[in-house]
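> for reference, the sequence and a predicted model appear below.
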Amino acid sequence: MKEYLLRMLAAFLLLSVSTVYAEDVLEIGIWPYVSTQTLIAEYHPVQVYLEKRLHRPVLFVTAIDQKTFMQRTQRGEYRFVFTAPHFARYAQLDAGYVPMLRPKRNSFAVFVVDKDSPLHSISDLRGKTVTLTDKITMIAMLGLQALHDNGLEPGKNITVRYAVSHNSAVLDVLRGNSDAAVTGAIIFDQLPQSMKSDLKILKVTGETSPMIYLASPRVPAEEVAKMKQIMLDFVDRTPEGKEFIRNLGYEGLREPTKAEMQSLDPLVANLKKQLRQAQ
C-alpha cells in the first residue's frame, strides 16, 4: 500500500516546483522531451530498480517546459539529472555538473511529412510550414541549421511553428497544421506504429547523443560512482533494464568522452544566444 501511494505521489508531483519531499527521497530530474505521462511510463522500471538497490524512495521530477527544466538544472536543484546533450554541457561548464553516462547510440534530426506528401527534400519546404520543438532544444537547432543550409529563413520564405514536445510537433503534421516536423531519430523510432505508418522521412541530418546523465557537484564521488554502476547493472544485467534500453533504442549506456562533451560547445554558445534574445 505504501509503495502504491508513493507511485501515485510521483505521478501527481512530477511537475511540482516547490513541494517539500521527505528527506530520504532521491529526486532525479528528467528532461521533458516528451509528455509527462510518457516519461512516467518509460522511466518507471528505472525508478523501481533504483529504489531496490538504493533502499530509498526515488522520484523522477521534470518541468512544464524545456527552458524551466534547464534553469532548474543550472540552479543545482537536481542531485542527478538526465538531460539533453547541450543542456548537459551547459550544466557542466556553468554549474559544475559531472557527466556520468550517455546512450551508446547517437540520434539525428529527422524531418517528417505526411506519407502522401509530394515533398521530397528540405528545399521543397519553401513557402511551407514546419513545426519544431522549442528553439533552445538541440533537435530544433539542428533543424534550423538544415533549413538555413537549404536557403530557407523563418519569416521570409518558410513559416516555423514551435511545439511543447517532439510528439506535439509530429502531431502537427498528422493533424494537417504543418507540412513537416522535426524530431529526433530515436524519438521517431519510439512513436506508435499507428503514427509512423502515416508519416514518411523527408531528411535525416545532424548527429548527437540523445541524452546525458549527470551528477550535481555536491554529490560525493563515491555516490556518483555507485549510481553509475547501478545504472550500468540495470541496463546490462536485468531483463527490465534490457527492455528499457531496447524500447528507447539506446543500445546500452557508456561514459561520454571529454572530446564528445567539448564538441557540444558550439551548441552551448547557440543556446546562450537564444536565451539572451528571449530576455
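Thanks, I have it.

> any regions of this structure where pLDDT drops low?
Scanning the chain for pLDDT under 70 picks out the ranges 1-23, 279.

> how is it divided into domains?
Domain assignment for the chain, taken from automatic domain parsing, gives 2-105+209-278, 107-208.

> measure the last one end to end?
By Cα to Cα, to the nearest Å, the extent of domain 107-208 from end to end equals 5 Å.

> out of the domains of the chain, indicate the one that is most buried.
A comparison of these by mean neighbour count, using mean count of other Cβ atoms under 10 Å, puts domain 107-208 on top with a mean of 19. Just so you know, the C-beta spots here come from the backbone N, C-alpha and C atoms, and that holds for glycine as well.

> tell me, what residue is most central in the chain?
When Cα atoms, centre = their mean is applied to the chain, the residue found nearest the centroid is residue 33 (4.1 Å).

> and it, how far from residue 84?
Distance of residue 33 to residue 84, given as Cβ to Cβ, to the nearest Å: 7 Å.

> and for these two, which residues touch both?
Here residue 33 and residue 84 share the contacting residues 137, 211, scored by Cβ atoms under 8 Å, 6 or more residues apart in numbering.

> now the strands for the chain?
With DSSP state E as the criterion, the chain has strands at 26-30, 58-61, 80-83, 98-103, 107-114, 129-133, 159-163, 180-184, 199-208, 212-215, 253-254.

> now for these, which one comes closest to residue 264?
Each of the strands of the chain has some distance to residue 264 by Cβ to Cβ; the shortest is strand 199-208, at 8.1 Å.

> can you list the strands that that closest one pairs with?
Within its sheet, and counting by DSSP bridges, strand 199-208 is paired with strand 107-114 (antiparallel).

> how far off centre is the strand it pairs with?
15 Å (Cα atoms, centre = their mean, to the nearest Å).

> can you list the residues that contact it?
Under Cβ under 8 Å, 6+ apart, the answer for strand 107-114 is 119, 122, 125, 130, 139, 142-143, 146, 170, 173-174, 179-188, 198-210.

> stretch 96-104 now?
Here stretch 96-104 has contacts from 73, 80-81, 85, 88, 91-92, 186, 209-217, 219, 224, 227-228, 231-232, 248, 250-256, 260-261, using Cβ under 8 Å, 6+ apart.

> now with 6 Å, please.
Here stretch 96-104 makes contact (Cβ atoms under 6 Å, 6 or more residues apart in numbering) with 91, 209-210, 212-215, 217, 228, 231, 250-254, 256, 261.

> centre of the chain to it, how far?
In terms of Cα atoms, centre = their mean, the centre of stretch 96-104 is set 14 Å apart from its chain centre.

> could I get stretch 153-170 in CSV with only the CA atoms?
Coordinates of each C-alpha in stretch 153-170 appear next as CSV, following Å, rounded to 0.1, in the frame of the first residue of the first chain:
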residue,chain,number,x,y,z
GLU,A,153,14.8,31.5,-43.5
PRO,A,154,11.9,31.6,-40.9
GLY,A,155,9.6,34.5,-41.5
LYS,A,156,10.9,35.1,-45.0
ASN,A,157,10.4,32.0,-47.2
ILE,A,158,9.2,29.5,-44.7
THR,A,159,6.9,29.5,-41.7
VAL,A,160,8.1,27.9,-38.5
ARG,A,161,5.8,26.8,-35.6
TYR,A,162,7.0,25.7,-32.2
ALA,A,163,5.6,22.8,-30.2
VAL,A,164,6.0,21.9,-26.5
SER,A,165,7.4,18.4,-27.3
HIS,A,166,8.6,16.2,-30.1
ASN,A,167,5.3,14.3,-30.0
SER,A,168,3.3,17.5,-30.4
ALA,A,169,5.5,18.6,-33.3
VAL,A,170,4.8,15.3,-35.1
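
> distance between that stretch and the chain's centre?
Centroid separation for stretch 153-170 versus its chain: 18 Å, with Cα atoms, centre = their mean.

> for stretch 232-249, same thing?
Distance, centroid of stretch 232-249 to centroid of chain: 18 Å (Cα atoms, centre = their mean).

> one step back: adding distance to residue 265, write the strands of the chain out as TSV.
Compiled in TSV, those are given as follows (distance: least, Cβ to Cβ, whole Å):
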stretch	distance to residue 265
strand 26-30	22
strand 58-61	28
strand 80-83	16
strand 98-103	14
strand 107-114	19
strand 129-133	21
strand 159-163	25
strand 180-184	21
strand 199-208	13
strand 212-215	14
strand 253-254	21
